[in-house]
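Trainee: fold the following for me, if possible:
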Amino acid sequence: MALHGINLPLAFIGQEYVWNEVYTQLGLNATDLAAFFTGPAFLPWQRMGNLNAWAGPLPMSWMQQKRDLQLQILARMRDFGMTPILPAFAGHVPPALTNYYPSAKITKLNSWAGFDGTYLLDPLDPLFQRIGSAFITVQQQLYGTQHMYSCDPFNELTPPSNSPAYLSSVGQAIYKSMAAADAQAVWVLQGWFLVNDLAFWQPPQAQALFDSVSNDQMLVLDLFAEVHPVWPITDGFYGKPFIWCMLHNFGGRSGMYATLSRVNQGPFTALANSTAKIVGTGFTPEAIDTNPVAYDLLSDLAWRTSPVDLDAWVAQYAFRRYGQDIPAVRQAWSLLQYSVFDCQTGQQGTSGSLIAGRPALVMDRVSCCSVSALYYDPKSVVSAWQLLLSANSSLAASPTYAYDVLAVTRQALSDTALVYQANIVAAYNSKDKAALALWSEKFLSLVADMDAMLATSPYTLLGSWIADAKQWATNDAEAALYEFNARNQVTLWGPATSNLVDYAYKLWQGLVGDFHMLRWQLFVQSLQAALQANQPFYDEYFVYKRCDTTTALPLGTVEYVLFCRSHWNSRADTA
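Mentor: Here you go, the predicted structure:
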């Protein structure tokens, strides 16, 4: 981070230990807080008030370990001259707080992504000031401060009122709770709420919130500026200083993607605008270890006053990355630059891989948020793959070369899966049993090949992900909990009824072969069985909707889908 020029990092871990201290002082007990904290894999969304309790309870040993780790992280950040951004109170409270403070104005919010609604303490309630200032005080005593505090009260959540006067009062109250414990506090606010719900955040509402504090008391993160910059539609956040941020990645989903040309121009467009108080560039990805070229470019731009010659920069990047200047490699990277790394569609991250999606006859999306259509010519990826492989004799010892070859191979296979799935559907619709068997076998063989290929890299192993999670455990029960968290986040993302199933899918060895493969095997077997018996295939049941209310089998399991298959057959017999 330091070598890339990062000087204002978020430092969010260790806050659950602080919250536990604060809420214990307010009278809550361990049972109350078990219904509040999520498991480790879902804490970012619990912190922003989107969900409570899922995949918990959060062990005290975890809180203590993360407290100790935060102390080490902060020490190193400060050694490097960085200014860490610590959390502040946004109003999201444990459900049990209503039992202890029945007169407090606490509202249960609407559900989020299929999860039960969380609880918001009105910032105008006196209890808000008490909790907010107590949190900053305890946090300062433990971690110190450099006066920067992140606080997002309405992350994908609708405020209880759209009155500009109310929203202004909310902003004032939030900042007041910080300043009560730290007179030099600066509120760091993500601009995602404006991207997510422009229908609510019309200019009067947005300006009311931004104008609620002085310009030197707030710093805004234009979170998704490479695709949906907010500063141009808010008069530069109504005078607030802001950081031009590249979000780039949603859920850590595997796939090649970037918006290099937009990243190259965006910060300098803002810099040239007299109303925009841009003070820096930043990274705001939902996950790391994806498409390093995008992060390398933005890191480089922080030191420049104008856009780079992108063609020359990419060629130089390939040389720096592998340590050799090879014409075939330069050509490969040029193909990637103008295909997978030049998205102009406005989509949220990489195009979804059908391999990782819930199998269906129609798959225009993978999960809620990842369109499956390609925005580039897949032949460019295949050509880049061939060119990279041609340099193997020169670059075989390079770990970055191995990483990139794997990424391009994985992308080429994912792109091919689109064609195979379309052929499967065409064969089924035309009742061509032989073609259905042929393309089903081709698809499953492709999935098996991908799983085998992914086993060659330490960066694409499900086993490593699970082992890393379990190493924090102090007993068998914690190990089981952390393994569930690790598995659930990259598959169902919540209960099977969640709207975020496969949101954070990964194309990793073990996950592809032992999870995605089984779903596809069951899907093509079900299609073939339906065609063989001249019976309809009820696609909506296969994608885990409730097919019968008499079974207690949980949604999303192989056993449940097998039950539904028999249910389809009985329906067809009586039709």
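
Trainee: what's the distance between residue 370 and residue 2?
Mentor: Between residue 370 and residue 2 the computed distance is 33 Å (C-beta to C-beta, to the nearest Å). (C-beta placed from N, C-alpha, C; glycine too.)

Trainee: those two: which has the busier surroundings?
Mentor: residue 370 (23 against 13; other C-beta atoms under 10 Å).

Trainee: from residue 257, how far off is the nearest residue to the more buried one once chain neighbours are set aside?
Mentor: Among residues not flanking residue 370 along the chain, residue 352 sits closest, at 3.4 Å (C-beta to C-beta, 6 or more residues apart in numbering). Using C-beta to C-beta, residue 352 is found at 11 Å from residue 257.

Trainee: quick check: next helix or strand after the helix or strand residue 127 falls within?
Mentor: Residue 127 belongs to helix 126-143 when assigned by DSSP states H and E. Next along the chain after helix 126-143, taking DSSP H and E as the criterion, comes strand 148-150.

Trainee: ok, residues contacting that next one?
Mentor: With C-beta atoms under 8 Å, 6 or more residues apart in numbering as the contact definition, strand 148-150 has outside contacts at 8, 10, 12, 83-88, 136, 178, 182, 185-190, 219.

Trainee: how many other residues sit next to the residue nearest to residue 370?
Mentor: 27.

Trainee: where does it land in three-state SS?
Mentor: The local conformation at residue 352, judged by DSSP: H, G, I helix; E, B strand; the rest coil, is coil.

Trainee: identify the residues contacting it.
Mentor: Contacts of residue 352 by C-beta under 8 Å, 6+ apart are 253, 255, 365-367, 370-372, 505.

Trainee: out of those, which is nearest to residue 69?
Mentor: Minimum distance to residue 69 across those is 26.7 Å, recorded for residue 253 (C-beta to C-beta).

Trainee: distance of that closest one from residue 149?
Mentor: 30 Å.

Trainee: now do the strands in the stretch 201-350 of the chain.
Mentor: 218-222, 242-246, 278-283 (DSSP state E, counting those that start in this stretch).

Trainee: dump those into JSON lines; add mean pLDDT, distance to residue 483 and mean neighbour count as well.
Mentor: Formatted as JSON lines, the strands of the stretch 201-350 of the chain follow (pLDDT from 0 to 100; distance: least, C-beta to C-beta, whole Å; neighbours: other C-beta atoms under 10 Å):
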{"stretch": "strand 218-222", "mean pLDDT": "98", "distance to residue 483": "33", "mean neighbour count": "26"}
{"stretch": "strand 242-246", "mean pLDDT": "98", "distance to residue 483": "32", "mean neighbour count": "26"}
{"stretch": "strand 278-283", "mean pLDDT": "98", "distance to residue 483": "29", "mean neighbour count": "19"}
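
Trainee: out of the contacts of residue 352, which are inside strands?
Mentor: 365-366, 370-371 (DSSP state E).

Trainee: how about those in JSON lines, adding distance to residue 339 and pLDDT?
Mentor: Supplementary listing: those in JSON lines, determined by distance: C-beta to C-beta, whole Å; pLDDT from 0 to 100:
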{"residue": "365", "distance to residue 339": "21", "pLDDT": "94"}
{"residue": "366", "distance to residue 339": "20", "pLDDT": "94"}
{"residue": "370", "distance to residue 339": "18", "pLDDT": "95"}
{"residue": "371", "distance to residue 339": "16", "pLDDT": "97"}
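
Trainee: now, the most widely separated pair of those?
Mentor: 366 and 371, at 8.1 Å, using C-beta to C-beta across the ones in strands among the contacts of residue 352.

Trainee: out of the two, which sits in the busier spot?
Mentor: Regarding residue 366 and residue 371, a neighbour count based on other C-beta under 10 Å identifies residue 366 as having more, with 24 against 16.

Trainee: quick check, that one in contact with residue 501.
Mentor: No. Here residue 366 does not reach residue 501: they are 9.6 Å apart, not a contact under C-beta atoms under 8 Å.

Trainee: okay, buried residues for stretch 471-484 please.
Mentor: 472-473, 478-479, 481-483 (16 or more other C-beta atoms under 10 Å).

Trainee: now the longest helix seen in the chain: how far from the chain's centre is it?
Mentor: Criterion DSSP state H: the longest helix present in the chain is helix 399-429. Centre-to-centre, helix 399-429 and its host chain are 22 Å apart (C-alpha atoms, centre = their mean, to the nearest Å).

Trainee: what residues sit buried inside it?
Mentor: Buried residues in helix 399-429, counting neighbours by 16+ other C-beta under 10 Å, are found at 401-418, 420-421, 423-425, 427-428.

Trainee: same deal with stretch 480-499?
Mentor: Neighbour counts over stretch 480-499 (16+ other C-beta under 10 Å) mark 481-483, 485-494, 498 as buried.

Trainee: can you list contacts of it?
Mentor: Applying C-beta under 8 Å, 6+ apart, the contact partners of stretch 480-499 are 39-42, 51, 54-55, 59, 113-115, 251, 367-368, 462, 465-466, 468-470, 472-473, 500-506, 508, 511, 515, 544, 554-557.
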